[in-house]
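Trainee: Build me a model:
(chains A and B)
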There are 2 protein chains.
Amino acid sequence: MSNLDANTWFTEISDRDGSAFSLRINKKLESKQSPFQLVEMYETTDFGNLMIIDGCTMVSTRENFFYHEMMSHPALFSHPAPKNVVIIGGGDCGTLREVLKHPGVETVHQIDIDEVVTEMSLKYFPELCASNNDPRATVMFDDGIKFMAEAAPESIDVIIVDGTDPVGPGEGLFNHAFYTSCLKALRSGGILIQQSESPLMHQQLLRETRAAMLEVGFADLQTLPFPQPIYPSGLWSATMARKGENFTAFRAEDVENAPFDTEYYNVGIHQGALATPNFLKRALAK
Amino acid sequence: MSNLDANTWFTEISDRDGSAFSLRINKKLESKQSPFQLVEMYETTDFGNLMIIDGCTMVSTRENFFYHEMMSHPALFSHPAPKNVVIIGGGDCGTLREVLKHPGVETVHQIDIDEVVTEMSLKYFPELCASNNDPRATVMFDDGIKFMAEAAPESIDVIIVDGTDPVGPGEGLFNHAFYTSCLKALRSGGILIQQSESPLMHQQLLRETRAAMLEVGFADLQTLPFPQPIYPSGLWSATMARKGENFTAFRAEDVENAPFDTEYYNVGIHQGALATPNFLKRALAK
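Mentor: A predicted model of the protein is given here:
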């Protein structure tokens, strides 16, 4: 049955889901233990380069566009005119690159706790780091929870929480204290977006995340499912929370006329992601 | 790296994609070599029962609704008034169950070549077989290619090709001869829908399938992506072809007022599936 040669396959076991996903590898490229986590790089046979953090698949060359586009464009096009953006986590710099495609954005601060992630991405995903030197970008290596706690009130339009799973360094990004800091730092109408795991497999976490966002005072939520081939169940989600007012129609016309290209995202994809599947409607209503 | 115990995990290696997917199992339930293929059943820890055909994951209790709903409802709601439906393959009977939820459907013929698949499904997925005794249903075990070749001209409204991958018994379901039979058997305005593999990983096959459908004389196509957690890449597709006229708006109002329940499909999901991701637009235009 199971006959994956450990020399030619990388396998992530998702114990909580009873599933595992494997990619065939040509070779291990590098491995580095940072003060925070173990970062490993592989060259795969079919998915390009692959970043693993503490044993979990994070990024591959071939399919990272789903995640990075859905963590950035829906939130930015749901805000009327986002100028100041903060990315918490995001050390591979793929989300940063997408955000900087928006000409109206004036500043982006990216705060990842682990410099090793960006060091590896510069080396093995240079295309994701193509905008790191944009004058609008500030790439910092620091504690994102502390950064948000100390951020000036009403100074940010969009906060993107591009962190790992809610264990290890990512744990403090899924709680009331952090969301309270985010709410305070956002201007009215501002948007917080966070990766919120699998809508099929991790419904309890999704419910808790959404409940916490509403409890600290966010006005309205949207949870958008999207494909994520290398994460458990292949289906992932991002949850957006809006300060002060409900979500209204996103800027579809601006998407149509966007002066940049995307691999996944377009008007119909955004609309489609807002169409919650029936099973998820029921799970969220619990 | 790879440390899946072969006694507790079932693994499908997708050699052409350089990926593998595994489900943790409690036990093997049954295994039967039919004249056509090896059908195996497992009880998993988190996905319910699992059917494997010739080493490939086919159906699990937990997530088969994505596939069965997307193989039936988009086609049936894109047809103005489908009365006579044929399912080629579909031996697990999950698609049959969904089709029979439509009160306007008068007859459904299901033709799977392998009776063992249905035998196993009756035993381990009884919920999928709940409508097998509906008086409108005819469950046959025969050669679907021959059935279509001999079908009366202009006698069918919707043909659903719910077959395995284009190797083994499923191979003859992906070619000009078969599509020509389907075209002839459909009434004008009729719809052929076929599972068309992963839009991310199997673009060549998708292009060839679409090209063949147009070459035999179908008038218009729609390829709908949908999540498929246990198939390679987690993202799958169904391609619809229409006889004699282009696709127009589907019957959204009838979806809203449908006298039955679904787990995934709804108006927004149908609209979202029609929003082709940019990477797929480019791949199909090649």
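Trainee: Centroid-nearest residue for chain A?
Mentor: Nearest to the geometric centre of chain A sits residue A:162, at 3.5 Å (CA atoms, centre = their mean).
Trainee: With adjacent residues omitted, what lies nearest to residue A:197?
Mentor: Spatial nearest neighbour of residue A:197, chain neighbours left out: residue A:205 (5.2 Å); criterion: CB to CB, 6 or more residues apart in numbering or on different chains. Glycine gets a C-beta too; all of them are placed from N, C-alpha and C.
Trainee: confidence score at the residue nearest to the centre of chain A?
Mentor: The model reports residue A:162 with a pLDDT of 95.
Trainee: hmm, back to that, wouldn't the residue nearest to residue A:197 be in contact with residue A:165 here?
Mentor: No - assessed by CB atoms under 8 Å, residue A:205 is found out of contact with residue A:165, at 9.0 Å.
Trainee: pLDDT below threshold where in the stretch 151-286 of chain A?
Mentor: A:166-170 (pLDDT under 70).
Trainee: Show me what the host helix or strand of residue A:57 packs onto, helices and strands only.
Mentor: When elements are assigned from DSSP states H and E, residue A:57 belongs to strand A:56-60. Here strand A:56-60 is seen to pack against strand A:9-14, strand A:19-33, strand A:49-53 when contacts are counted using 3 or more CB pairs under 8 Å, 6 or more residues apart in numbering or on different chains; DSSP states H and E.
Trainee: Distance to chain B, mean neighbour count and mean pLDDT for these - can I get that in a markdown table?
Mentor: As requested, the helices and strands packed on strand A:56-60 are exported to a markdown table (distance: least, CB to the nearest CB, whole Å; neighbours: other CB atoms under 10 Å in any protein chain shown; pLDDT from 0 to 100):
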| stretch | distance to chain B | mean neighbour count | mean pLDDT |
| --- | --- | --- | --- |
| strand A:9-14 | 4 | 21 | 94 |
| strand A:19-33 | 4 | 18 | 97 |
| strand A:49-53 | 9 | 22 | 97 |
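Trainee: I'd like those laid out as a markdown table, including distance to residue B:255.
Mentor: Below are those laid out as a markdown table (distance: least, CB to CB, whole Å):
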| stretch | distance to residue B:255 |
| --- | --- |
| strand A:9-14 | 34 |
| strand A:19-33 | 31 |
| strand A:49-53 | 40 |
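Trainee: which helices and strands sit right next to the longest helix seen in chain A?
Mentor: For chain A, the helix with the greatest residue count under DSSP state H is helix A:203-216. Packing contacts for helix A:203-216, counted by 3+ CB pairs under 8 Å, 6+ apart, involve helix A:176-185, strand A:220-227, strand A:235-242, helix A:278-285.
Trainee: A helix includes residue A:218, no?
Mentor: No - assessed with DSSP: H, G, I helix; E, B strand; the rest coil, residue A:218 is coil; it does not lie in a helix.
Trainee: burial count for it?
Mentor: 22 (other CB atoms under 10 Å in any protein chain shown).
Trainee: list the contacts for the closest residue to it other than its chain neighbours?
Mentor: Nearest non-adjacent residue to residue A:218, counting by CB to CB, 6+ apart: residue A:241, 3.8 Å away. Going by CB atoms under 8 Å, 6 or more residues apart in numbering or on different chains, residue A:241 touches A:179, A:191-193, A:213-214, A:218-221.
Trainee: For residue A:263, state which of those is nearest.
Mentor: residue A:193 (18.8 Å; CB to CB).
Trainee: Mind listing the strands whichever helix or strand that closest one is part of pairs with, and their directions?
Mentor: Applying DSSP H and E as the criterion places residue A:193 in strand A:186-195. Paired neighbours of strand A:186-195 in the sheet (DSSP bridges): strand A:156-162 (parallel), strand A:235-242 (antiparallel).
Trainee: burial count for the residue of the stretch 101-250 of chain A found nearest chain B?
Mentor: Of all residues in the stretch 101-250 of chain A, residue A:234 sits closest to chain B, at 1.6 Å by CB to the nearest CB. When counting by other CB under 10 Å, one arrives at 26 neighbours for residue A:234.
Trainee: So it sits against residue A:227, correct?
Mentor: Yes - here residue A:234 reaches residue A:227: they are 6.4 Å apart, a contact under CB under 8 Å.
Trainee: Can you pull the residues that touch both of those two?
Mentor: Contact criterion CB under 8 Å, 6+ apart; residues shared by residue A:234 and residue A:227: B:227, B:233-235.
Trainee: Find the nearest non-adjacent residue to the residue of the stretch 101-250 of chain A closest to chain B, please.
Mentor: Closest to residue A:234 by CB to CB, 6+ apart is residue B:234, at 1.6 Å.
Trainee: got the contact list for the one you found?
Mentor: A:227-229, A:233-235, B:227-228.
Trainee: got it, and residue A:118?
Mentor: Applying CB under 8 Å, 6+ apart, the residues contacting residue A:118 are A:91-93, A:112, A:129, A:139, A:141.
Trainee: Can you add pLDDT and give the residues you listed back as CSV?
Mentor: Listed next are the contacts of residue A:118 as CSV, based on pLDDT from 0 to 100:
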residue, pLDDT
A:91, 97
A:92, 98
A:93, 98
A:112, 97
A:129, 98
A:139, 98
A:141, 97
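Trainee: neighbour-wise, which of residue A:205 and residue A:165 wins?
Mentor: residue A:165 (21 against 16).
Trainee: pretty sure the more buried one belongs to a helix, no?
Mentor: No - secondary structure assignment (three-state DSSP) places residue A:165 in coil, not in a helix.
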